[in-house]
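Asker: Quick one: sequence and predicted model below, then my questions.
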Amino acid sequence: MHGGMATRVTNTASRRRTARPRGKRRKGLLLGAHMSIAGGVPKAIARGEALGCTAIQIFTKNASQWNAAALTQEDVVEFKAECDRTGILVVAHDAYLINLASPNAELLAKSRAAFLQEMERAEALDIPYLVMHPGAHTGAGEDTGLRLMAESFNFLLRETAGFGVKIAVENTAGQGTVVGYTIEHLKRILEETIESQRMAVCLDTCHAFAAGYDLGDSSGYKDFMEKFDSMIGTARLKVIHLNDCKRELGRRVDRHEHIGKGMLGLECFRRIMNDPRLSRVPKLLETPKLLDGKDMDPVNLGILRDLALA
């Protein structure tokens, strides 16, 4: 392995069989938003707590840069203490630059190294799921892109033997040459991965709608969930991103909107918030933070809480 956390994380992984379970046993609704790590990763917990979050998502480093300073032991200890104090479940998301489906050998190697570092950081922090966007084939074709995705995961899983963190593959909107926008794509990636028990799925509602799955319609939602369960299995769905969609169904444009203000509408989110199959899946906002200068996380979270009680 590489990077500043490599030795520490490897030691953590080797102790995983006898270590305490990851975090507290959480009851009730797991709901929150993506939180900033400005000032250090532990600061994100207090930001989520202030909004009444029971789950949050974070980047463990600057999402727009390849490299990052190593996590300090103080960061790790404080972060775990904050998780224990609040009981908040934390999910990580990888950096935007990574492309594990790139046919360019240099970029692919760089992406794999960067994602390995993401896994090391998540493992060090005892984060159970690392969400990632499937990459873009950049003209090589979807078949090549999907094959490279699976090969990348197999490389990463071999390099991180013993780790507890799971990779949660997020469905995409299918913008440009990005793969992973159909249930079939996700199924193939998972099937071609050597350690499938270490793989999971993250459902993004905006991306699904943009890709042509009409979650805003009751029959469309039913069809999607039935197909997902038959091809992948609902038990694999470990994270949900709750985002409305700015653009029309099937346009394959990734533009998030505030809850109830986009093309999906409130009923989509009412169904998800009250679907017993999804009751223990953390549901996380990635909606714009501001609207006309107003902080919108409290507004969107309030709407979702009300829908869960309706």
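Answerer: Arrived safely. Numbers count the residues shown, from 1 in each chain.
Asker: For the helix or strand residue 307 falls within, what does the pLDDT average out to?
Answerer: Assigned by DSSP states H and E, residue 307 belongs to helix 297-309. Taken as a whole, helix 297-309 has an average pLDDT of 97.
Asker: what do you get for stretch 90-109?
Answerer: Stretch 90-109 comes out with an average pLDDT of 97.
Asker: just to revisit the earlier point, report the buried residues of the helix holding residue 307.
Answerer: Using 16 or more other C-beta atoms under 10 Å as the test for burial, helix 297-309 gives 297, 300-301, 303-304, 307-308. Backbone N, C-alpha and C define where each C-beta goes, glycine included.
Asker: any idea how far residue 66 is from residue 98?
Answerer: Distance, residue 66 to residue 98, using C-beta to C-beta, to the nearest Å: 9 Å.
Asker: Can I get the helix or strand in which residue 77 is found as CSV, trimmed to CA atoms?
Answerer: For residue 77, the element it lies in under DSSP H and E is helix 73-86. Extracted C-alpha coordinates of helix 73-86, given in CSV (Å, rounded to 0.1, in the frame of the first residue of the first chain):
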residue,chain,number,x,y,z
GLN,A,73,-3.9,10.1,14.9
GLU,A,74,-5.6,13.0,16.6
ASP,A,75,-8.1,13.3,13.8
VAL,A,76,-8.9,9.6,13.9
VAL,A,77,-9.3,9.5,17.6
GLU,A,78,-11.5,12.6,17.7
PHE,A,79,-13.6,11.5,14.8
LYS,A,80,-14.4,8.1,16.4
ALA,A,81,-15.1,9.8,19.7
GLU,A,82,-17.6,12.1,18.0
CYS,A,83,-19.3,9.2,16.2
ASP,A,84,-19.6,7.4,19.5
ARG,A,85,-20.9,10.5,21.4
THR,A,86,-23.6,11.3,18.8
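Asker: which outside residues touch that helix?
Answerer: For helix 73-86, the surrounding residues in contact (C-beta atoms under 8 Å, 6 or more residues apart in numbering) are 8, 23-24, 40-42, 45-46, 48-49, 88, 90, 124-126.
Asker: By neighbours, which of these wins?
Answerer: The residue in the contacts of helix 73-86 with the most neighbours, by other C-beta atoms under 10 Å, is residue 90 (30 neighbours).
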